[in-house]
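**Q** here you go, sequence then predicted model.
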Amino acid sequence: MPPIIATFIYAAGIAGLYLLDRDRQAHTSRALWIPLVWMAIACSRPVSQWAAAFGWTDASWAMDSPEKYLDGSPLDRALLTILLGLAVLVLVRRGARAWILLRANWPILLFFTYCAVSVFWSDYSGVAFKRWIKAVGNLAIVLVILTEKDRYAAIKRLLAWTAFLMVPLSVLFVKYYPELGRGYNRWTWQAYFTGVTTNKNELGTMCLILGLASVWRFAEEWQRGKLTWRNRPLVAQGTILVMVVWLLWKADSMTSVSCMLMGTLLIAATHLRRVLRRPRLVHGLVLAMIGMSLFAIFFDPSGSLVGTLGRNLTLTGRTELWHIVLAASGNPLIGTGFESFWLGQRLEHLWSLYWWRPNEAHNGYLEIYLTLGWIGVALMAVWVVTGYKNAFVMFRRVHRVGRLLLAFFLVAVVYNLTEAAFKGTDPVWLIFVLATVALPRTRAATSRPGAQVVEAVTPDEPQSEAAQPAWVALSRGTVHGL
């Protein structure tokens, strides 16, 4: 099929997916377009790379030297700054709602505060500060989503709309536009598939996050007992799932495949009544999958578990890289400064050792140690523990959305064992923040007449207004003054 005809067919298919999944009862504000654009960039490639791919600019965006990697792209920086500024304006307008969420999430604020302080001992303070602003953007974007009046609709729409665009476009690029959807090993010229992203691991990450969201939506429709071709959302999500499975097979990213299987298992298990009645089973399942991942990667001398995924004991060279970066690490207590390890002479040295020019440690926790030291690791540990508690509390309150948040927490924790995703605008970083934010059950009063209401997701089972917890009353507008 000629690419131009395929493009028109895929464009019609993408429009059809949006129409099939359209929910007239869901209401979100125009501010949700800010997270949508942010998410679309995070799940694909920077705008500067899109511009170069289509010939609108030259290929100067390519980070092919330590100097360019240090400077970054002015175009990307400008766009992300605009999005962050718009997000802050939205949060200022939603004042009370945003402030309540911030107060309830002190572990997240403490971590980002320490990251800001670490900028002062970075060898490149200006670069570190700009990267800190970008990282804080993930928190601002999540707060925009969670201060929507209908949080459930906002999360559902954000993930579905991103998937309907990025997943079909990736298939289109891989099949009909190889100059956009494929890359080649510079030594062997073996092709690998990238889709709308820049490498196979990023393609796997996109499929992991958007695929899990589709599994979640598909399971919700399944539970409602509407398994017919007339169930339009079921058809739309099923189509996305088929494409995601095909792309994961093409990407051959075992980290994403294994995380996808674990997240799917958790979502499926939490739809069982026996599991819902016994919360300890959920704890056990989450801990078992994290423990199995830790054992397979770090404590299995035979490498049999890793071998079943087609990988060797070195995890495709990761273990060797870990030893090298540890030898080059800075102060063990405070690190080299926020996202400052892969800069300057250290980057030049590591690029001289590896033809593939690494820019991360391929382990999110090791990356935190390198840049923030043991203090940063300890603060991240506090965030992980309290974040799991927050995700589980949401699951107990509202099974419908809590299942997805628990799955997002699980895959983010496991994914960072072999990839460094706690950085920049990585979509795994974004979903980790989303899954671990505490949503307080709070009643508050204010003297301002007509104050806005904090709204939350509706419960799975209706309750009488008198028996409703505060967060349910808030979602229905019965508690004012927040």
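**A** Happy to help now that I have it. Residues are numbered from 1 along each chain as shown.

**Q** got the CA coordinates for the helix or strand hosting L285 in PDB?
**A** Using DSSP states H and E, L285 falls within helix 279-294. The C-alpha trace of helix 279-294 is given here as PDB (Å, rounded to 0.1, in the frame of the first residue of the first chain):
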ATOM      1  CA  PRO A 279      -6.600  -6.600  51.000                       C
ATOM      2  CA  ARG A 280      -3.700  -8.700  52.200                       C
ATOM      3  CA  LEU A 281      -3.800 -10.700  49.000                       C
ATOM      4  CA  VAL A 282      -3.100  -7.400  47.100                       C
ATOM      5  CA  HIS A 283      -0.200  -6.600  49.300                       C
ATOM      6  CA  GLY A 284       1.200 -10.100  48.800                       C
ATOM      7  CA  LEU A 285       0.800 -10.000  45.100                       C
ATOM      8  CA  VAL A 286       2.600  -6.600  44.800                       C
ATOM      9  CA  LEU A 287       5.400  -7.700  47.100                       C
ATOM     10  CA  ALA A 288       5.800 -11.000  45.300                       C
ATOM     11  CA  MET A 289       6.200  -9.400  41.900                       C
ATOM     12  CA  ILE A 290       8.700  -6.800  43.200                       C
ATOM     13  CA  GLY A 291      10.600  -9.500  45.100                       C
ATOM     14  CA  MET A 292      10.700 -11.800  42.100                       C
ATOM     15  CA  SER A 293      12.100  -9.000  40.000                       C
ATOM     16  CA  LEU A 294      14.700  -8.200  42.500                       C
END
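
**Q** next, the buried residues of that helix.
**A** Going by neighbour count (16 or more other Cβ atoms under 10 Å), the buried part of helix 279-294 is 282, 285-286, 289-290, 293. Just so you know, the C-beta spots here come from the backbone N, C-alpha and C atoms, and that holds for glycine as well.

**Q** reformat the residues you listed as JSON lines; add pLDDT and distance to I155.
**A** Output for the buried residues of helix 279-294, formatted as JSON lines (pLDDT from 0 to 100; distance: Cβ to Cβ, whole Å):
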{"residue": "V282", "pLDDT": "94", "distance to I155": "20"}
{"residue": "L285", "pLDDT": "95", "distance to I155": "22"}
{"residue": "V286", "pLDDT": "96", "distance to I155": "20"}
{"residue": "M289", "pLDDT": "96", "distance to I155": "23"}
{"residue": "I290", "pLDDT": "96", "distance to I155": "24"}
{"residue": "S293", "pLDDT": "92", "distance to I155": "26"}
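
**Q** for the stretch 351-482 of the chain, which segments count as helices?
**A** Using DSSP state H, counting those that start in this stretch, the helices of the stretch 351-482 of the chain run over residues 364-397, 399-415, 427-436, 470-475.

**Q** how about low-confidence regions in the stretch 151-300 of the chain?
**A** 187-188, 225-230 (pLDDT under 70).

**Q** switch the cut-off to 80
**A** 185-189, 223-231, 300 (pLDDT under 80).

**Q** next, the buried residues of stretch 198-212.
**A** Buried residues in stretch 198-212 (16+ other Cβ under 10 Å): 199-212.

**Q** ok and the strand or helix carrying I100 relative to helix 364-397, angle-wise?
**A** Per DSSP H and E: I100 is located in helix 95-104. Per axes from the mean of the first three to the mean of the last three Cα atoms, to 10 degrees, the angle that helix 95-104 makes with helix 364-397 is 120 degrees.

**Q** flag every buried residue along helix 95-104.
**A** Those would be 96-98, 100-101, 104, for helix 95-104 by 16+ other Cβ under 10 Å.

**Q** for A420, state which of the residues you listed is nearest.
**A** A420 has its nearest neighbour among those in L101, at 27.0 Å by Cβ to Cβ.

**Q** so who does the closest one touch?
**A** Contact partners of L101, counting by Cβ atoms under 8 Å, 6 or more residues apart in numbering, are 143, 146-147, 437-440.

**Q** kindly state the pLDDT recorded for it?
**A** On pLDDT, L101 comes in at 94.

**Q** please shift the residue numbers so they start at 18 in all later answers.
**A** Renumbered: residue one is now 18, and that last one reads L118.

**Q** ok, it to N380 distance?
**A** Distance from L118 to N380, counting by Cβ to Cβ, to the nearest Å: 30 Å.

**Q** and for T211?
**A** From T211 to N380 the distance is 22 Å (Cβ to Cβ).

**Q** how about P349?
**A** 16 Å.

**Q** of these two, who's got more company?
**A** The neighbour comparison of P349 against N380 (other Cβ atoms under 10 Å) goes to N380, with 24 against 12.

**Q** just confirm that one contacts E436, I think it does.
**A** Yes - the pair N380 and E436 passes the contact test of Cβ atoms under 8 Å, sitting 7.5 Å apart.

**Q** and stretch 137-156, what's its mean pLDDT?
**A** Stretch 137-156 shows a mean pLDDT of 94.

**Q** kindly report the same for stretch 322-338.
**A** Mean predicted lDDT for stretch 322-338 stands at 74.

**Q** swap in stretch 51-65?
**A** Averaging pLDDT along stretch 51-65 gives 94.

**Q** then that stretch to PDB, C-alphas only?
**A** Taking Å, rounded to 0.1, in the frame of the first residue of the first chain, the C-alpha atoms of stretch 51-65 are listed here in PDB:
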ATOM      1  CA  ILE A  51      -1.900  21.100  29.000                       C
ATOM      2  CA  PRO A  52      -1.300  17.500  30.400                       C
ATOM      3  CA  LEU A  53      -2.400  16.100  27.000                       C
ATOM      4  CA  VAL A  54       0.300  18.000  25.200                       C
ATOM      5  CA  TRP A  55       2.900  17.200  27.900                       C
ATOM      6  CA  MET A  56       2.000  13.500  27.900                       C
ATOM      7  CA  ALA A  57       2.100  13.400  24.100                       C
ATOM      8  CA  ILE A  58       5.700  14.800  24.100                       C
ATOM      9  CA  ALA A  59       6.800  12.500  26.900                       C
ATOM     10  CA  CYS A  60       5.400   9.400  25.100                       C
ATOM     11  CA  SER A  61       7.000  10.300  21.700                       C
ATOM     12  CA  ARG A  62      10.000  12.500  21.000                       C
ATOM     13  CA  PRO A  63      11.000  16.100  21.700                       C
ATOM     14  CA  VAL A  64       9.500  18.800  19.500                       C
ATOM     15  CA  SER A  65      13.000  19.600  18.100                       C
END
